[in-house]
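When you get a sec, could you give me coordinates for this:
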Amino acid sequence: MATVVLLASSPILKSFNHHQETPLLFFPIIFLCKQSFSLSWVYYVLSTNSSRIKRLIVVDTTPLEKQDPSADHVQLTFSGSSGQEAEAFVQAVQRRAHAAGKLRDNDWIVDLVSVCFEGDALRWFESLDDKTQGDWKLMKAAILRQYPPGSGAGPSLFSGNNADTAPPTYEAALVGIVETPSETDLQRSMSRPLPPPPAPEAPPAPVLRTGRLRVVSTSKSLCGYVSCKLPAYGCFELTKHENKALRVMYDENQAGGLFSLTLLDCNSNLEWLGVSWIQNQPSLMKGSTDYAYLSAVGGDPSNLSSSCKWRGPRQSRVWGLTADMTLYTSWWGWSGLVYPLQVLIKSKNVLLAADAPAAWASEKPGTPFPQTRLVFEHDAY
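A predicted model of the protein is given here:
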């Protein structure tokens, strides 16, 4: 429902003969709807035997490019900029089909929609199979699935210079004859508060997974588990015994990117499994022989404490999982880049380096580098 605001303006008197009611007063008004403005005229029809306003005819003179996208004269386009645009596009197509009496005419709708795609959405549309392109029910489901809620920046359904904001939808160009509200009704309408914004979606409940970290290597002597017991110098070591393996936990909802691993049965009061460098300014380039220790970290994420006795930089949100449950490590660089780290074992210590073969060669020159990785072994449920 639009809000009506009367402008302070002198009425223009005209002679009019409609249903035996003669004087006709013109008042310009502004309809406010979704932050868009349109100038319309309100005709106050006065009864010949009473000066009381009885009826109201509203004729919308909104410019064509700002009217309802389902109207026939508006060119529908879809660029795939957001989930909101996808929803508005599907609604506009169905409204136009309904207005034309073609809501159940699949071929008519498919022909209409096929010329609406542009940009990335056009490339996506052309990649669909013939069955989906030829069936509006399948196509609209594919559109809403490809552009889910919350994706992109915002809708852009209209061509021309006004495409940055989508116009409001009006009930009709000609609203018709309605009973005129009283002055109290108008005041109440103008002071009516806007509806509150929708509540943000609640985050999904955590799906917690626990397990051990197995060390897998091309050298059998380096296979085993990450130990749950930290030695005096505070860095995790390799153990051959499964019952002495470190157990950790992560939220499966975060497994699509980098996440933290919570320590479960470690002899440290710190919360997370982390990476702590020996060097204050380690090199992350190819050929670097710098390396970091696997350690316990905790506290303020911007200034983590570490169990490791060395005072180099440390991070905790560095872990990711591949499809085969290989645990990979990525270091957030000072420039905003992310650098992959590789695992190596040195004197039972579990280390990480930007160039593990180079770091290995600096410690054990002439010895073949054993490929090593960490694998997450889920606990049995």
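
rest of the way, CA atoms for contacts and neighbours
Fine.

buried set for the top helix by length along the chain?
Secondary structure of the chain per DSSP state H: the longest helix is helix 83-99. Buried residues in helix 83-99, counted by 16 or more other Cα atoms under 10 Å: 83-90, 92-97.

could you give the mean pLDDT of that helix?
If you average the pLDDT over helix 83-99, you get 88.

any idea which helix or strand comes after it?
Using DSSP states H and E, the helix or strand that follows helix 83-99 in sequence is helix 106-114.

angle of that following helix against helix 83-99?
Calculated by axes from the mean of the first three to the mean of the last three Cα atoms, to 10 degrees, helix 106-114 forms an angle of 140 degrees with helix 83-99.

Can you name every helix or strand that helix 106-114 contacts?
With contacts defined as 3 or more Cα pairs under 8 Å, 6 or more residues apart in numbering; DSSP states H and E, helix 106-114 has these neighbours: helix 83-99, helix 136-146.

As TSV, the ones you listed with distance to K348 would be great.
TSV is the format used below for these (distance: least, Cα to Cα, whole Å):
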stretch	distance to K348
helix 83-99	51
helix 136-146	48
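
closest one to Y339 among those?
helix 136-146 (30.6 Å; Cα to Cα).

Not including adjacent chain positions, what is the nearest residue to A296?
In space, and not counting its chain neighbours, A296 is closest to L273: 4.9 Å by Cα to Cα, 6 or more residues apart in numbering.

Listing partners with orientation, what would you give for the strand or helix carrying the one you found?
Using DSSP H and E, the element containing L273 is strand 272-277. The strands beside strand 272-277 in its sheet (DSSP bridges) come out as strand 261-263 (antiparallel), strand 292-298 (antiparallel), strand 314-315 (antiparallel).

can you put those strands in CSV and add mean pLDDT?
Formatted as CSV, those follow (pLDDT from 0 to 100):
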stretch, mean pLDDT
strand 261-263, 96
strand 292-298, 95
strand 314-315, 94
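
T239 is nearest to which of these?
Here strand 292-298 is closest among the strands paired with strand 272-277 (Cα to Cα), at 13.8 Å.

would you put the C-alpha positions of that closest one in PDB?
C-alpha atoms of strand 292-298 as PDB (Å, rounded to 0.1, in the frame of the first residue of the first chain):
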ATOM      1  CA  ALA A 292      57.900 -23.600  11.700                       C
ATOM      2  CA  TYR A 293      56.900 -26.000  14.500                       C
ATOM      3  CA  LEU A 294      53.500 -27.500  15.200                       C
ATOM      4  CA  SER A 295      52.500 -26.100  18.500                       C
ATOM      5  CA  ALA A 296      49.600 -25.200  20.900                       C
ATOM      6  CA  VAL A 297      48.400 -21.600  20.600                       C
ATOM      7  CA  GLY A 298      45.600 -19.600  22.300                       C
END
